[in-house]
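Undergrad: Fold the following for me, if possible:
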Amino acid sequence: MTTRAGSGTSHLTDAYQAGHTAARQAASALAGHAPTLVIAFTTDQYDQAEVVRGIRAATDNAALIGCCTGGIISSDGPSSAGLVVLALWSDVMDVTLALETGIQAAPTLIAETVADRLEPHIPAAGSQRRAVALMLADGLTGSLTEVVQHTTTTLGPLCPLVGGGAGDNLKFLRTSQFVNDQVSSDGIALALISTTAPVGIGVQHGWTPAGRALVVTRSDGNVIWELDGRPAFTVYRELFPDAELTAENFGAFVISHPIGLPQANGEFLIRDPLRTRADGAIECVASVPDHAVAHIMQGTPESLFAAAQAATRSALAQLGAHKPAAVLVFDCVSRLIMLGDEAKTEVRLIQEIAGLETPIAGMFSFGEIAAAETGGALFHNKTVVVYAIGQ
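TA: Sure thing, here's the model as predicted:
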């Protein structure tokens with residue numbers, strides 16, 4: 001039983017050459033084996049189709065999944081421009097890929113359609129094989145909560161879901177997802193990875209309640225109209241009078257004060273506010289249920305670092321005695337905004353725990369996808385997810 005991995009990075013300006021260079025570097029670590037699976041994350045200055053063409057040429061048209069992101073994570077650290085490629089070869093791994101578009105108009109239908117294509121390939125209960133579904137979905141559609149819910153329901157408890165929302169460099173215009181030679185937007189890319197090697201998924205955020213519990217007395221999708229029966233923005237202003245909140249500075253303030261929804265396991269599901277409206281409503285990145293209990297949260301760089309370390313340790317612990325062949329990281333782009341240059345520290349801490357020699361690839365995502373310790377996968381904000389693939 002052997003799994004090998006290699007990672008490559010490029011910051012070349014030519015899209016084809018950048019893809020080809022990073023993929024060739026990643027594949028060179030596979031000891032002459034053709035990749036079983038190639039995973040790629042790019043940023044939005046590239047012609048994505050040309051990036052894909054370069055990667056495919058350098059990897060003998062191996063199975064490929066990837067997306068455009070808000071930044072990349074590699075062995076060199078975080079970067080807002082460039083691309084990173086992870087190449088995997090394994091004699092115990094099977095991969096099935098799927099890509100569907102149209103999630104903005106029909107998130108439930110498209111999620112169920114793409115999951116139905118993979119479901120027959122999930123190992124049966126009692127099998128020595130285990131499956132993970134890697135999901136990369138358009139993070140600008142506003143419907144990923146529903147997409148994740150219906151995908152994980154269709155795939156079932158034997159196939160955990162992990163991944164993130166595709167994005168751009170905070171232009172909020174267009175994202176790309178790709179599978180093999182197909183490049184799309186408004187889509188879901190899925191890779192069902194079946195293996196006898198161990199895998200681990202860790203998810204943590206580092207946010208804690210800043211005050212008393214509130215009730216979302218009126219919401220609609222990703223818009224919170226009222227907290228405790230009053231305009232949501234009014235409640236924020238009253239709870240943080242020293243911040244002197246206005247519509248103009250609200251976005252900067254909530255970078256470090258998101259909303260947390262208590263879960264049955266004692267954790268909080270984080271929702272990222274974006275802006276306030278003239279009527280006092282608050283728009284969030286993802287949906288917030290009506291009548292939910294909510295806390296306004298707080299965090300520091302140190303608490304975010306500790307969460308990244310805890311997520312990495314949790315993922316590696318699930319590998320048992322096996323060393324990691326590679327590590328994938330899905331880190332919220334809003335954490336990058338908050339941390340700034342200190343994002344380098346977060347990535348370095350992950351690398352130190354995973355092993356500096358372990359190939360790493362990741363993205364600054366527009367939302368993260370993972371299950372907590374128990375239960376199905378959820379769509380997270382302001383969270384870091386670590387996916388460890390055992391040797």
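
Undergrad: What lies in contact with stretch 342-359?
TA: Where contact means CB atoms under 8 Å, 6 or more residues apart in numbering, the residues beyond stretch 342-359 that reach it are 5-7, 26, 29, 73, 75, 77-78, 86, 301, 304-305, 308-309, 312-313, 316, 323-327, 329, 331, 335-336, 339, 360, 362, 384, 386, 388. C-beta coordinates here come from the backbone N, C-alpha and C atoms, glycine included.

Undergrad: and with 7 Å instead?
TA: Where contact means CB atoms under 7 Å, 6 or more residues apart in numbering, the residues beyond stretch 342-359 that reach it are 5-7, 29, 73, 77-78, 86, 301, 304-305, 308-309, 312-313, 316, 324, 326-327, 329, 336, 339, 360, 386.

Undergrad: again, but for stretch 9-25
TA: By CB under 7 Å, 6+ apart, the surrounding residues in contact with stretch 9-25 are 8, 38, 46-47, 50-55, 57-59, 74, 76, 81-85, 87.

Undergrad: Narrow these to those that are buried.
TA: 8, 38, 46, 50-55, 58-59, 74, 82-85, 87 (16 or more other CB atoms under 10 Å).

Undergrad: quick one: which of the residues you listed sit in helices?
TA: Those of those mapping onto helices are Glu50, Val51, Val52, Arg53, Gly54, Ile55, Ala58, per DSSP state H.

Undergrad: for the stretch 151-300 of the chain, what spans make up the helices?
TA: Shown for the stretch 151-300 of the chain, the helices assigned by DSSP state H, counting those that start in this stretch span residues 232-239, 250-254.

Undergrad: Compare those helices and give me the one nearest Cys67.
TA: Each of those has some distance to Cys67 by CB to CB; the shortest is helix 250-254, at 25.0 Å.

Undergrad: Which elements pack onto the closest one?
TA: Based on contacts counted as 3 or more CB pairs under 7 Å, 6 or more residues apart in numbering; DSSP states H and E, the elements that helix 250-254 packs against are strand 273-276.

Undergrad: Kindly format the C-alpha coordinates of the strand it packs on as CSV.
TA: Only the C-alpha atoms of strand 273-276 are listed here, as CSV (Å, rounded to 0.1, in the frame of the first residue of the first chain):
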residue,chain,number,x,y,z
PRO,A,273,-21.6,39.4,7.9
LEU,A,274,-20.7,41.5,4.8
ARG,A,275,-22.6,44.8,5.0
THR,A,276,-25.6,46.5,6.6
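
Undergrad: what's the domain layout of this structure?
TA: As assigned by automatic domain parsing, the chain contains the domains 3-203+304-390, 208-298.

Undergrad: most centrally placed residue in this protein?
TA: Gly164 (2.4 Å; CA atoms, centre = their mean).

Undergrad: how near is it to Asn222?
TA: Using CB to CB, to the nearest Å, Gly164 is found at 18 Å from Asn222.

Undergrad: Likewise for Asn61?
TA: Relative to Asn222, Asn61 is positioned 39 Å away (criterion: CB to CB).

Undergrad: the more surrounded of these two?
TA: When Asn61 is set against Asn222 and neighbours are counted by other CB atoms under 10 Å, the residue ahead is Asn222, at 19 against 14.

Undergrad: Show me what the lengthiest helix in the chain is packed against.
TA: Counting by DSSP H, the longest helix found in the chain is helix 301-317. In this structure, helix 301-317 packs against strand 199-204, helix 333-339, helix 343-354, strand 384-390, with contacts taken as 3+ CB pairs under 7 Å, 6+ apart.

Undergrad: who's in contact with it?
TA: 200-206, 324, 335, 339, 342, 345-346, 349-350, 353-354, 384-388.

Undergrad: One more pass at 6 Å, please.
TA: With CB atoms under 6 Å, 6 or more residues apart in numbering as the contact definition, helix 301-317 has outside contacts at 200-206, 335, 339, 342, 346, 349-350, 353-354, 384, 386, 388.

Undergrad: Okay, angle between it and strand 384-390 too, please.
TA: For the pair helix 301-317 and strand 384-390, the angle between their directions (axes from the mean of the first three to the mean of the last three CA atoms, to 10 degrees) equals 20 degrees.

Undergrad: Check which residues of helix 301-317 are buried.
TA: Here helix 301-317 shows 301, 304-305, 307-316 as buried, counting by 16+ other CB under 10 Å.

Undergrad: Stretch 92-99 too?
TA: Met93, Val95, Thr96, Leu97, Ala98, Leu99.

Undergrad: Okay, the residue lying closest to the fourth one once chain neighbours are set aside and Cys67: tell me how far apart.
TA: It stands for Leu97. Spatially, and ignoring its direct neighbours in sequence, Leu97 is nearest to Val179 (4.8 Å; CB to CB, 6 or more residues apart in numbering). For Val179, the distance to Cys67 equals 10 Å [CB to CB].

Undergrad: Go ahead and build a ChimeraX selection from the buried members of the contacts of helix 301-317.
TA: Burial among those is assessed by 16+ other CB under 10 Å; the matching ChimeraX selection reads:
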select :200,201,202,203,204,205,206,335,339,346,350,353,354,384,386,388
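
Undergrad: which stretches of the stretch 101-250 of the chain form strands?
TA: In order along the chain, the stretch 101-250 of the chain carries the following strands (DSSP state E, counting those that start in this stretch): 130-138, 161-166, 177-179, 182-184, 187-195, 199-204, 208-209, 214-220, 223-227, 230-231.

Undergrad: So which of the helices of the stretch 151-300 of the chain is the most surrounded?
TA: Of the helices of the stretch 151-300 of the chain, the one with the most neighbours on average (mean count of other CB atoms under 10 Å) is helix 232-239, at a mean of 19.

Undergrad: got the contact list for that one?
TA: Outside helix 232-239, the residues that touch it by CB under 6 Å, 6+ apart are Gly211, Ile224, Leu227, Leu245, Thr276, Gly280, Ala281, Ile282.
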